[in-house]
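Colleague: Following is a predicted model, sequence given first.
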Amino acid sequence: AQSVAQPEDQVNVAEGNPLTVKCTYSVSGNPYLFWYVQYPNRGLQFLLKYITGDNLVKGSYGFEAEFNKSQTSFHLKKPSALVSDSALYFCAVRDTDSGGYNKLIFGAGTRLAVHP
Amino acid sequence: DAGVIQSPRHEVTEMGQEVTLRCKPISGHNSLFWYRQTMMRGLELLIYFNNNVPIDDSGMPEDRFSAKMPNASFSTLKIQPSEPRDSAVYFCASSWTGRSYEQYFGPGTRLTVT
């Protein structure tokens, strides 16, 4: 079965330090991977995606993600965290069994808390 | 672009009442998804449409839930009758199948059933 795992419910980091939010996936065929962020009382916002090409993908707000095929991972990173990065982060993978539609399978989410 | 538009943003209703949630997808997008988010169950996909046709409604929890997409610019999610356990945030998202792969989410409708 296709799935996405976010092993950490919460990640705590000090402002200015690098941050990593982990994601692993299981999918048949080539993975199409995504990261979304959700601020309080808001909808999910698209951050970045990996479809093909360079394993390091850059996205909005200074975030980047590294695709690692051998480890089936797609970790979200940022070199220097801001308090305003505190939010709920979701990893997602395109469901390759959905017949070509853009159905996504989402992870459970990781809450990022950046402390001043 | 205005993004995905949902209305109402907040809805408070009494158990047994009918509730209708509305969504306008991004112009040009041909896929539309309805999700429900709760603390207990996280983000759940309820149903999705492609070119106004329902493709998979296996996530709809009960027959009390129904969804329609009469045209490319409008969709509704109806709950009749509503129950307290339906209280959640309902999101609509749209996508451009065949051109790109990400979904774009609306701001959500917070439903409270008392």
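Modeller: Good, I have the coordinates. Numbering: from 1, shown residues only, chains lettered A, B, ... in the order given.

Colleague: contacting residues around the helix or strand harbouring residue B:67?
Modeller: In this assignment (DSSP states H and E), residue B:67 forms part of strand B:65-71. Here strand B:65-71 makes contact (CB atoms under 8 Å, 6 or more residues apart in numbering or on different chains) with B:32, B:34, B:46-47, B:49, B:52-54, B:57, B:60, B:75-80. In this view, the C-beta of every residue, glycine as well, is placed from N, C-alpha and C.

Colleague: residues in contact with the residue nearest to residue A:3 when sequence neighbours are not counted?
Modeller: Nearest residue to residue A:3 in three dimensions, chain neighbours excluded: residue A:26, at 4.9 Å (CB to CB, 6 or more residues apart in numbering or on different chains). Residue A:26 sits next to A:1-5, A:72 when contact means CB under 8 Å, 6+ apart.

Colleague: cool, residue A:99 as well?
Modeller: residue B:55.

Colleague: list the buried ones in stretch A:52-60?
Modeller: Residues of stretch A:52-60 classed as buried by neighbour count (16 or more other CB atoms under 10 Å in any protein chain shown): A:57, A:59.

Colleague: Kindly report the same for stretch B:75-87.
Modeller: Neighbour count says stretch B:75-87 has B:75, B:77, B:79, B:82, B:86-87 buried, by 16+ other CB under 10 Å.

Colleague: Kindly report the same for stretch A:69-79.
Modeller: Buried-residue list, stretch A:69-79, by 16+ other CB under 10 Å: A:72-76, A:78.

Colleague: ok, now stretch A:59-66?
Modeller: Using 16+ other CB under 10 Å as the test for burial, stretch A:59-66 gives A:59, A:63-66.

Colleague: just checking, residue A:84 is part of a helix?
Modeller: Yes: the assignment for residue A:84, made by DSSP: H, G, I helix; E, B strand; the rest coil, places it in a helix.
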